[in-house]
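A.B. asks: Let me see the structure of the following:
(2 chains)
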Amino acid sequence: MTVVPYIIELLQIGVLIGLAPAFVGWVRMVKCWAQGRRSAGLLQPYRDLAKLFSKDVLLAENASWIFRFTPYLVFGTAVLAGGIIPILSIDLPLAPTADVIVIVALFAIARFFIALAGMDIGTAFGGMGSSREMMIASLAEPAMLMAIFTVSLANRSTSLSEIIQVIYSGQSVIRPSLAFAFLAFVLIALAETGRVPVDNPATHLELTMVHEAMILEYSGRHLALIEWAGMMKLFLFTSLGIAAFAPWGIAAREELSAVPLALLYMIIKFGVVGVAIVLIETGLAKMRLFRLTEFLGAAFLLATLGMLAFFILD
Amino acid sequence: MSIDSISLACSAIVLLLGSAAFAPLLKRMQAFLIEFSFLLSTVASFLVTAAGVWAVARGINEQVILLIGLPDLPFHLRLDALSGFFLTVIGLLSMFVSIYSIGYVKGYIGQRSVTSLVIFYCLFVAGMLMVVLSDDALCFLVSWEIMAAASYFLVVFENEKPENRRAAFLYLVVAHVGAIAILLSFGILAGFAVKAESFSGYTFDSMRSAQLPIEWATAAFFLSFFGFAAKAGVIPLHVWLPEAHPVAPSNVSALMSGVMLKTAIYGIVRVTFDLIHVFPVWWGAIVLILGLISAVMGVLYALMQHDLKRLLAYHSVENIGIILIGIGLAMIFKSFNLPLLAALGLIAGLYHTMNHAMFKGLLFMGAGSVLHATGERNMEEMGGLIHKMPWTAALFLIGCVSISALPPFNGFVSEWLTFQAFLLTPALPSPLIRLLIPLGAALLALTGALAAACFVKAFGVTFLGHWRGQHHPRVHEASWSMRLGMLLAAVTCFCLGILPSAFIDWMDVIAEQFTGTTIASSAGRYGWMWLTPVSYERASYSGLIVFLGILAIVALAFVMLHVKAGRIRRVPIWDCGFEKINQRMQYNATSFSMPIRRIFGYLFSIRERVELAPQAAHKAFPKKINYHISIRDRIWGWLYKPVVDASFWLSRKVGKLQQGRIQAYLIYSFVTIIILLVFLR
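C.D. replies: Presented below is the predicted three-dimensional model:
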């Protein structure tokens, strides 16, 4: 038994936890440039987190253990997902633990508990956020699965590492179904990570909030954990997209020397994705809640079309 | 071993029947009666579970012939792997529910006599056990009727409410229409088994060897499928289910939803894979389509409910749909001669059967504890129960997580297996099936996501927030036996979630019996921790590592943050400076499901009405707003009402024959005789 994969695994989790705030900082920075504002810099999310961790926790009087447990669980599922999705290397000891279906389900657990936490205090906002989040999720999650399924059908595996291996070995061909799946995945990723046009991560405007409404009652280290997990979620969805649709650059060898190059590739790709997110966000306005059905319905349809295309054309 | 499993199972049934027979003698000592009978049924269920586990593990196939029943038509019993599996499902949940019942049924003491509840409870469990042990049509139908009749009496147990009587009547009607269809199906099978010269065609053995022409096989399959679907609550035959399950005492609801529906699944598998065993692709396609419709519609109906037990009942429709998806896939693959995939589909369906029994039993027991504690079934009047009923809340939460198919609990494993069955489908030659597979996967994914939304609502509205009701009952935690029953079910859910390969290894013999191949050759190859259907490269899942991983990270984060922890201050809710925040401002069940109601509203007939109370000075400042909403199943109006109306119309017409005068009746007899003489010479 060699220790190298375990070191790579730990490195990857470290990269996820350490660089997720930087990625969010990068997106905010580019957004500021695009909108002609001065940015707070790449490190502002770290400062925000540090501030939250040092603060006391204000807990509503009737908060139950679910409210206090949820931040840890949300953080835990995000970190675990980061140990499974190939970010730097495909040779991860945790990779066979879970395939893409399990990863989607890991996000679902986090969402389930955040939605419960939103209802725990018994304010109108919390319930509103939970109700909307579950509505969005119930349309987004199946579309997400469909998009991922198309990729896994094309590469004959639901394990991400295996998918990448098949792509590397050149057995994979360009298929029309993958184009549908990719489009659907982009739409879903926007919805799942709470970006414009589905939700606005920067708003605290009462009636348009979704994610922020659920976590309105959180403070101190609890809020810090949830915020951090949110940043990791954006990071993970980007990695998931990269792994499924454009994995070139992720290390395939079981050597530590391959990691720095993979890291470099990763940073370049994330830079590009960040710019793309900003272009989408500045180009679009947030949608009304009930127009989201069309947005998510389109994603669901595209994803299902992708799978149909696979079964009928390929 | 000196005692074989089938006699163990039979002695358990005798124990249950004896307990039922003995109960009237103890009716003066109600508390003792409850303890005695439910302990006895716990023991009996344990014996059955042991027999079932043993039978499946050894892959035995034993038969006994009992010389009871009609002359020359003895009862045949058989215990094979499939029966053993269902014995285990029924036995395990009955055991937990029987423990739970000790505490739950005591709540009735002082209100009404529980003697009939005890008697029919024992008969009900015995009937279900006999159904899965029967090896001939006669014994099967007798047991089926014992089960149906006993459950009818359990549903009308609280018979002073007209809605309970109505629900029970509806249940009885649907159960009997279904039973007639099953009887006819067996008639066809038996008719081809022997050409009417002897009666021995009624045994399953002779049906197995019968050669049926395809049109008669189709008739037999669809008649039996109709009958079993009516019992299982497959849409559109589900209307009785959300009426009957909620009104029964909660321990009975747990058994009805958890295991009685499974006897119908048993029937479908037995008739299709065992008795008919050769079938065209389109049967499987129809089963799959009905499964998909039931799954999606079931969960959507459930989302619209605000009665906790009714919500759970609609979820049974959904889960039966998911089970049928697995079975439908297995049928399709079997007729395309893909045994490995057929085995995977069948195992996925049966795994979900086990899972659903456990978590639905758990959830109904939890709902029963809430009902017991608050006297309330309407979620709009609940809230904040997690503080007063911590045990029930935690156990109910495990049920919610399991049914929402979230890892590392058991519901996820069976959905994952079903997804794998979808994804492993190669290009099948039939264009219809090629369309059906991706759509099926999409709908299954939608079902899972909606189920999660529904259980956030169910748990959130019932247990979290503040109490929403007008009156404040003295809420108490469930008694120890109720908690124990729920705890055992929750532990089983958890074990089935983290140790799936051990369970699949155990039940693989069923797949071998019906598809000729096993999946464990691949599923367990990399050790007990890994679930790898088909091959290690295609997909793998380890519930245990997912659980331990999350646990480790949560614990690490917790410890690291508590080394130098900031203080936690308890403060009132942030009310945005409004200062008059009250519990009526919380989201409730109706408001929670509003976005989804708006999206899928066209599937229901929804009537909304808003009334402004007039006593305000101006229209813009009403003193009070009343909001009424009624959501109805469209299927009732489309499918059932015409049938009900037609049968009433027909009855009125036929009723005119009844004159009440003897002369008229004599003329009827005379005319009948003349006609018979003329035409039947």
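A.B. asks: Surely B:Leu67 is in a helix?
C.D. replies: No: according to DSSP: H, G, I helix; E, B strand; the rest coil, B:Leu67 belongs to no helix; its state is strand.
A.B. asks: And it, how far from chain A?
C.D. replies: For B:Leu67, the distance to chain A (CB to the nearest CB, to the nearest Å) stands at 53 Å. No exception for glycine: its C-beta is placed from N, CA and C like everyone else's.
A.B. asks: ok, and the closest non-adjacent residue to that residue?
C.D. replies: B:Pro74 (5.1 Å; CB to CB, 6 or more residues apart in numbering or on different chains).
A.B. asks: show me what contacts that neighbour?
C.D. replies: B:Pro74 makes contact with B:65-68 under the criterion CB atoms under 8 Å, 6 or more residues apart in numbering or on different chains.
A.B. asks: swap in A:Ala22?
C.D. replies: Applying CB under 8 Å, 6+ apart, we find A:Ala22 in contact with A:42-43, A:45-46.
A.B. asks: The closest residue to B:Gly69 other than its chain neighbours: which element?
C.D. replies: Counting by CB to CB, 6+ apart, B:Gly69 lies nearest to B:Phe75, which is 4.7 Å off, once chain neighbours are set aside. Under the criterion of DSSP states H and E, B:Phe75 resides in strand B:73-79.
A.B. asks: Scan chain B for its longest helix.
C.D. replies: Counting residues, the longest helix found in chain B (DSSP state H) is helix B:339-374.
A.B. asks: Quick check: mean pLDDT of it?
C.D. replies: For helix B:339-374, the mean per-residue pLDDT is 93.
A.B. asks: Could you do stretch B:192-208 as well?
C.D. replies: Summarised as a single mean, pLDDT over stretch B:192-208 is 76.
A.B. asks: where does chain A have low pLDDT?
C.D. replies: Within chain A, the segments meeting pLDDT under 70 span A:1, A:172, A:203-207, A:314.
A.B. asks: what's near enough to touch the residue in it positioned nearest to chain B?
C.D. replies: Closest approach of chain A to chain B (CB to the nearest CB) occurs at A:Gly127, with a separation of 2.4 Å. When the contact criterion is CB under 8 Å, 6+ apart, the partners of A:Gly127 are A:118-119, B:460, B:465, B:586-588, B:591-592.
A.B. asks: next one: B:Tyr668
C.D. replies: B:Tyr668 makes contact with B:Leu657, according to CB under 8 Å, 6+ apart.
A.B. asks: One more pass at 10 Å, please.
C.D. replies: Residues in contact with B:Tyr668 (CB atoms under 10 Å, 6 or more residues apart in numbering or on different chains) are B:657, B:659.
A.B. asks: Please, which helix or strand holds it?
C.D. replies: Using DSSP H and E, B:Tyr668 sits in helix B:662-679.
A.B. asks: how about that helix: buried residues?
C.D. replies: Using 16 or more other CB atoms under 10 Å in any protein chain shown as the test for burial, helix B:662-679 gives no buried residues.
A.B. asks: Can you show me the CA trace of it as CSV?
C.D. replies: Extracted C-alpha coordinates of helix B:662-679, given in CSV (Å, rounded to 0.1, in the frame of the first residue of the first chain):
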residue,chain,number,x,y,z
ILE,B,662,-95.5,-12.7,-3.7
GLN,B,663,-97.6,-13.0,-7.0
ALA,B,664,-95.0,-10.9,-8.9
TYR,B,665,-92.2,-13.1,-7.6
LEU,B,666,-94.0,-16.2,-8.6
ILE,B,667,-94.4,-14.8,-12.1
TYR,B,668,-90.7,-14.1,-12.3
SER,B,669,-89.9,-17.7,-11.3
PHE,B,670,-92.4,-19.1,-13.8
VAL,B,671,-91.1,-16.9,-16.7
THR,B,672,-87.5,-18.0,-15.8
ILE,B,673,-88.4,-21.6,-15.9
ILE,B,674,-90.2,-21.2,-19.2
ILE,B,675,-87.2,-19.4,-20.8
LEU,B,676,-84.8,-22.0,-19.5
LEU,B,677,-87.0,-24.8,-20.8
VAL,B,678,-87.2,-23.2,-24.2
PHE,B,679,-83.6,-22.4,-24.6
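A.B. asks: tell me how far it is from the chain's mean position?
C.D. replies: Remark: helix B:662-679 is offset 50 Å from the chain centroid, using CA atoms, centre = their mean, to the nearest Å.
A.B. asks: ditto for stretch B:227-238
C.D. replies: Relative to the chain's own centre, stretch B:227-238 is displaced by 11 Å; criterion: CA atoms, centre = their mean.
A.B. asks: Also stretch B:348-366?
C.D. replies: Taking CA atoms, centre = their mean, one finds the center of stretch B:348-366 at 8 Å from the center of the full chain.
A.B. asks: ok, now stretch B:346-365?
C.D. replies: The answer for stretch B:346-365 is 8 Å, by CA atoms, centre = their mean.
A.B. asks: Can I get it in CSV? Just the C-alpha atoms.
C.D. replies: The C-alpha coordinates for stretch B:346-365 follow below in CSV (Å, rounded to 0.1, in the frame of the first residue of the first chain):
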residue,chain,number,x,y,z
LEU,B,346,-35.5,-7.3,-9.2
ILE,B,347,-33.1,-6.8,-6.4
ALA,B,348,-33.6,-3.0,-6.5
GLY,B,349,-37.4,-3.5,-6.4
LEU,B,350,-37.2,-6.0,-3.5
TYR,B,351,-34.6,-3.9,-1.6
HIS,B,352,-37.0,-1.0,-1.8
THR,B,353,-39.8,-3.2,-0.6
MET,B,354,-37.8,-4.0,2.5
ASN,B,355,-36.8,-0.3,2.9
HIS,B,356,-40.2,1.0,2.5
ALA,B,357,-41.6,-1.4,5.1
MET,B,358,-39.0,-0.1,7.6
PHE,B,359,-39.2,3.6,7.1
LYS,B,360,-42.9,3.8,6.4
GLY,B,361,-43.5,1.7,9.5
LEU,B,362,-41.3,4.0,11.4
LEU,B,363,-43.0,7.2,10.1
PHE,B,364,-46.5,5.9,10.8
MET,B,365,-45.4,4.9,14.3
